[in-house]
Every structure is written in structure tokens, then in C-alpha cells.
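Undergrad: have a look; sequence and predicted model below, questions after that.
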Amino acid sequence: MGLLTSLRDSISRVTDGLFAADEPKRIGIYGPPNAGKTTLANRIARDWTGDAVGPESHIPHETRRARRKENVEIERNGRKVTIDIVDTPGVTTKVDYKEFLDHDMDKEDAVRRSREATEGVAEAMHWLREDVDGVIYVLDSTTDPFTQVNTMLIGIIESQDLPALILANKTDLPESDVQQIANAFPQHETIPLSALEGENMDEVYTKIAEYFG
């Protein structure tokens, strides 16, 4: 009886592992506000499924709730990976309603948006700690990456032992400086790209298949 139970349990573990391996990897797209996370999510989703993930905007915190695009199958150089893209709200230490007033919003809308953005930050942190299998970390290559938020998030990602791909976005802009991002996080490979223009996406897809496949 004990032998049969042991055999049944062993078979169950093997079959569970096989089914789990077939499940899509949940890949969170993280980074500060306005780094181009949703632009990247839309680029990936459109390239491989024809659909978008969510609206893009130059106004900070356009994404205030995590959005998910499921079963995105990427194949590169013989590697294939199926992922669920989780486009998360931009993470920051403070959301001030006054920053929205510069974008022709009235105070009531600005306060509402700042409250929703703050809730979105909490949701993004929950996803990071509980619900993602890997991270694509998007940084604006025209800005200084040495910030409290970036250091904190990279530290959490490393403490969770999650595979992480760092992308230096907005290389289409003349003030882009990819090297400053590479210098900030030398323990990780930095891939340059312009999600808006689709520049260097072939390398991005190759790395996604390599890191998360």
C-alpha cells in the first residue's frame, strides 16, 4: 500500500511539473513613470498578437492599474517562450496632484488621478512580491537612473531571485545616454531600444526568449 501511494505521488509530481512548464510566464514590465513601459508592452503585444495592451500618454501615471495581455508567444533563434505581459503602473515614492495641473487638468481630476496613481503603485508592488515570474525593467535613457525608486526596485527583484532584463529606452532621442544606465546597474545586462520607433526590438525579443524561456 505504501509503495503504491509513493508511486502515485511521484507520478503526480511529474505530471504537475509538466503542466506547470506549459503555463505562460508572468512577466512584469516595471520602471518609473513615463519610462515607456506601456509603449513597450504595446509594441510587444502588437508584434506578436496584433493587439495593444493599453493607452499611451505623455502625461505621468497614464497606467494606474496593472494591465495583462495573455499568451504572447515569442520565438527567436530556436527558442520559444509564452508569456503573459503585465504592464504595471509607474513606481514612485510620491504622487503629487500638482504635477497633473501642468497638463490642463482641473484640481478635482488631478486629485483623483493622484489617488489612483498611488493605489497603482501599491498594486505594482504586490505583483512584484507575489505574482510575477520575471521582470522587464524599463528606464528612460535620457534621465539619471541613480534614484531611490530604481535602487529599491532592483534590490527587491534581486532579493526575489527573479530573472530581470534591463532596457534603456528612448534611444531615438538625442540626449539618450545608455551607458549611464549600464554604469548604474553593472550586475545586469542593459539592452538599448526605442519602443516608440521599434529600434533594436529584434535583440529585445532574443533576450526575452533567452531570459524567460
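TA: Thanks, I have it. On a predicted model such as this, the values are computed, not experimentally measured, just so you know. Numbering: from 1, shown residues only.
Undergrad: which phi and psi does the residue positioned nearest the centre of the chain have?
TA: What sits nearest the mean C-alpha location of the chain, by C-alpha atoms, centre = their mean, is residue 29, with 0.7 Å. As for residue 29, its main-chain torsions (degrees, to the nearest 10) stand at phi -100, psi 110.
Undergrad: which ones are touching it?
TA: 37, 40-41, 85-88, 135-136, 138 (C-beta atoms under 8 Å, 6 or more residues apart in numbering). To be clear about C-beta, it is placed using only N, CA and C from the backbone, and glycine gets the same treatment.
Undergrad: can you add secondary structure and give the residues you listed back as TSV?
TA: Formatted as TSV, these follow (DSSP: H, G, I helix; E, B strand; the rest coil):
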residue	secondary structure
37	helix
40	helix
41	helix
85	strand
86	strand
87	strand
88	coil
135	strand
136	strand
138	strand
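Undergrad: quickly list what residue 27 is bridged to.
TA: residue 85, residue 134 (DSSP bridges).
Undergrad: so what does the helix or strand hosting residue 126 touch, helix or strand wise?
TA: Assessed by DSSP states H and E, residue 126 sits inside helix 107-130. Counting contacts by 3 or more C-beta pairs under 8 Å, 6 or more residues apart in numbering; DSSP states H and E, helix 107-130 is packed against strand 25-30, helix 98-101, helix 148-159.
Undergrad: just the ones you listed: most buried one?
TA: Mean neighbour counts were taken over these using mean count of other C-beta atoms under 10 Å, and the top value, a mean of 24, falls to strand 25-30.
Undergrad: now do that strand, average pLDDT.
TA: Across strand 25-30, the average pLDDT comes to 94.
Undergrad: kindly report the same for stretch 123-140.
TA: For stretch 123-140, the mean pLDDT works out to 86.
Undergrad: got the CA positions of it in CSV?
TA: Output in CSV follows, covering the C-alpha atoms of stretch 123-140 (Å, rounded to 0.1, in the frame of the first residue of the first chain):
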residue,chain,number,x,y,z
GLU,A,123,-0.7,47.2,-6.8
ALA,A,124,2.6,47.1,-8.7
MET,A,125,4.5,46.3,-5.6
HIS,A,126,2.0,43.5,-4.8
TRP,A,127,2.6,42.0,-8.3
LEU,A,128,6.3,42.2,-7.8
ARG,A,129,6.3,40.4,-4.5
GLU,A,130,3.7,37.8,-5.3
ASP,A,131,2.7,37.3,-8.9
VAL,A,132,5.4,37.6,-11.5
ASP,A,133,8.0,35.1,-12.8
GLY,A,134,10.3,37.6,-14.3
VAL,A,135,10.8,41.4,-14.8
ILE,A,136,11.5,43.6,-17.8
TYR,A,137,12.8,46.8,-16.2
VAL,A,138,12.4,49.9,-18.4
LEU,A,139,14.4,53.0,-17.9
ASP,A,140,14.4,56.3,-19.8
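Undergrad: one step back: the residue nearest to the centre of the chain and residue 171: what is the separation?
TA: 17 Å (C-beta to C-beta, to the nearest Å).
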